[in-house]
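Engineer: got a structure for you, letters missing:
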């Protein structure tokens, strides 16, 4: 299990981002495993991101958004960030 | 001097993000030092971000955008991400 971000885990911004990723993922019909695999992200890390436990880096977001077929700007807008 | 992201330094996405941050910073009339100080970021790290050398985390972006008075979505849109 990946270590949660010690400083930022469960920060409202990260929780909102995780909810937005999960929402778009479900709308696009991806399982968490599919999204993790296609974004070259470890599945448990993907789960941790969706739960708002990770201070995700831009490059991970770029890969997640490419898999989901949305821009990072659209994801951030969905997350109200 | 902060270590550049070993894996992603100078990735086009990070360079584009750095250019967008710099552009908005100049339009808003902040020096790099002002932006770093008000965003609680070390100045040399801020410089490294603007040069596309850092895989910036969401929480750092949230602070930079709060200081600049733009949403993270607006910043990502300006960076064409």
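Structural biologist: Happy to help now that I have it. Keep in mind that what you see is a predicted model, and the values were worked out from it rather than measured.

Engineer: Was I right to think residue A:57 contacts residue B:59?
Structural biologist: No - under the criterion of Cβ atoms under 8 Å, residue A:57 is not in contact with residue B:59, lying 10.6 Å apart. Any C-beta I mention is one placed from the backbone N, CA and C, and that applies to glycine too.

Engineer: Specify which residue of those two has the higher count of neighbours.
Structural biologist: Under the neighbour definition other Cβ atoms under 10 Å in any protein chain shown, residue A:57 and residue B:59 were set side by side, and residue A:57 has more, 20 against 16.

Engineer: Distance-wise, check that one relative to residue A:24.
Structural biologist: Residue A:57 sits 19 Å away from residue A:24, going by Cβ to Cβ, to the nearest Å.

Engineer: just residue A:9 next, same as before
Structural biologist: 22 Å.

Engineer: what about the longest helix belonging to chain A and chain B, touching?
Structural biologist: Of all the elements of type helix in chain A, the one with the most residues (DSSP state H) is helix A:12-27. Yes - for helix A:12-27, a contact with chain B is found by Cβ under 8 Å from any Cβ of the partner chain, at A:13-14, A:17.

Engineer: average pLDDT for that helix?
Structural biologist: Along helix A:12-27, the predicted local confidence has a mean pLDDT of 98.

Engineer: residues of it that come out buried?
Structural biologist: By neighbour count on 16 or more other Cβ atoms under 10 Å in any protein chain shown, the buried set for helix A:12-27 is A:13-22, A:24-25.

Engineer: which one of those is nearest residue A:63?
Structural biologist: Of all the buried residues of helix A:12-27, residue A:21 has the smallest distance to residue A:63: 11.6 Å, by Cβ to Cβ.

Engineer: residues in contact with that closest one?
Structural biologist: Neighbouring residues of residue A:21 by Cβ atoms under 8 Å, 6 or more residues apart in numbering or on different chains: A:49-50, A:64, A:68, A:75, A:79.

Engineer: Kindly report the same for residue A:62.
Structural biologist: A:72, B:13, B:81.

Engineer: What's the local residue count around residue A:31?
Structural biologist: Neighbour number of residue A:31 under other Cβ under 10 Å is 11.

Engineer: Let me fix that, I meant to ask about residue A:7.
Structural biologist: Under the criterion other Cβ under 10 Å, the count of neighbours that residue A:7 has is 9.

Engineer: Having no further points to raise, I will conclude here.
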